[in-house]
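Participant: Structural data only, the sequence is not supplied:
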């Protein structure tokens, strides 16, 4: 136990400093129950020993108990591995000291993997986020995204516990709940994903008391960013990061972007380069220690080589797709992001997702599939003609799937493409899939 306490001590000591500075102030408010806790009251919740003396705890859900579990683990020297509510614990042993935290990656390679972090690496990510985004104690975070996912843990949980940024937990990201949060505080910071910002905008519930709006997990459409700014005066700041290294880049500008591929400039204390294959390489103190239990040479020693293709333009990071997402069409590579960007410019397209599926021919080429949501019917030919004005004909999708909605959660578009590709292949010959 002594070794465990030592590896956690940095995080718990930082939490104690927060209590000293802000002990009697409201730290956590649960909008579902109406209950609230000061920083000192949160600390008292951590005094309860974890039952069974576990070596690792798995906080779940979107309730105050998630925060209590993290604090208890820090206090008693136990490794933390947050999980989505429907996920089961990974079948791995706790990592050795000085690692004290496991994050799970999206299952873009078939199964999720664990990434081990030290206390210093977790704290560095929180420091970078608070300093770059300007998170403030008088602008509480409205918690609508999953706290178990890396984005939510670093933007909601760590700023609360390491920097004293209050957290107001909303029971769900539904428009009516966001509307009700107007009375929660006169200044709010709201971190969401593009699908949520789209739903909130469509429902007309983006609040006048949102002082800082953040979007991550997927490409933020320019049309959405511009429309929200024009109608509500709220600038949505694009945030780009990865489970393996935390925050990478942030759009801190106060006016809407003009380039959808731009994800802003590198976070404070983060350095980025592009390697010979065009992939983005990240260097910072927030980079995770290793994949656990099986290391890979793309992660370690403060360096993470992403799967994202990128270009650096005057200090701004511009994404050019992912190495794993490129579609092979007659020997030529197609980036689905570029097709999606063009599709979103059509007024009838609410959301879209593009991926490749095997053509079934011996040459192993792919067909491009466009998955689209729209309120208008029978617009396939119109969309094809629209794309022909913007893209080479070989980049225009051959197959189309019109659906009621496209959910892209905090895990981002890469996992969404993998799942929608799987669903399409399983249903392509059933009535109602193609139009």
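Facilitator: Cool, got the structure. Since the structure is predicted, the reported quantities are computational estimates derived from the model, not experimental observations.
Participant: can you give me the helices for the stretch 251-400 of the chain?
Facilitator: Counting by DSSP state H, counting those that start in this stretch, one finds helices in the stretch 251-400 of the chain at the ranges 336-344, 380-388.
Participant: which of these sits most buried?
Facilitator: Greatest average neighbour count among the helices of the stretch 251-400 of the chain goes to helix 336-344 (a mean of 21), per mean count of other CB atoms under 10 Å. Every C-beta, even on glycine, is put in place using the N, C-alpha and C of the backbone.
Participant: by contact count, what packs against that one?
Facilitator: strand 316-322, strand 351-358, strand 366-373, helix 380-388 (3 or more CB pairs under 8 Å, 6 or more residues apart in numbering; DSSP states H and E).
Participant: want to throw those into TSV with mean pLDDT and distance to residue 96?
Facilitator: Below are the helices and strands packed on helix 336-344 laid out as TSV (pLDDT from 0 to 100; distance: least, CB to CB, whole Å):
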stretch	mean pLDDT	distance to residue 96
strand 316-322	86	32
strand 351-358	88	39
strand 366-373	91	43
helix 380-388	95	52
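Participant: Throw the ones you listed into TSV and include distance to residue 87, thanks.
Facilitator: Below are the helices and strands packed on helix 336-344 laid out as TSV (distance: least, CB to CB, whole Å):
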stretch	distance to residue 87
strand 316-322	23
strand 351-358	23
strand 366-373	25
helix 380-388	36
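Participant: Next, the angle strand 316-322 makes with the longest strand seen in the chain.
Facilitator: Longest strand in the chain by number of residues (criterion: DSSP state E): strand 303-313. Orientation check (axes from the mean of the first three to the mean of the last three CA atoms, to 10 degrees): strand 303-313 against strand 316-322 gives 110 degrees.
Participant: Go through strand 303-313 and flag the buried ones.
Facilitator: Judged by neighbour count (16 or more other CB atoms under 10 Å), strand 303-313 contains these buried residues: 303, 304, 305, 306, 307, 308, 309, 310.
Participant: sorry, back to before: out of the helices and strands packed on helix 336-344, flag the one nearest residue 143.
Facilitator: strand 351-358 (24.0 Å; CB to CB).
Participant: what pairs with that closest one, and is each one parallel or antiparallel?
Facilitator: strand 366-373 (antiparallel) (DSSP bridges).
Participant: Averaged pLDDT, stretch 229-244. What do you get?
Facilitator: Averaging pLDDT along stretch 229-244 gives 95.
Participant: Use 25 as the first number from now on
Facilitator: Okay, using 25 as the starting number, the last item reads as stretch 253-268.
Participant: Look at residue 62 and say how many residues are nearby.
Facilitator: Residue 62: 17 surrounding residues under other CB atoms under 10 Å.
Participant: rewinding a little: name the strands paired with the longest strand of the chain and say parallel or antiparallel.
Facilitator: Within its sheet, strand 327-337 is paired with strand 303-307 (antiparallel), strand 323-324 (antiparallel), strand 340-346 (antiparallel), according to DSSP bridges.
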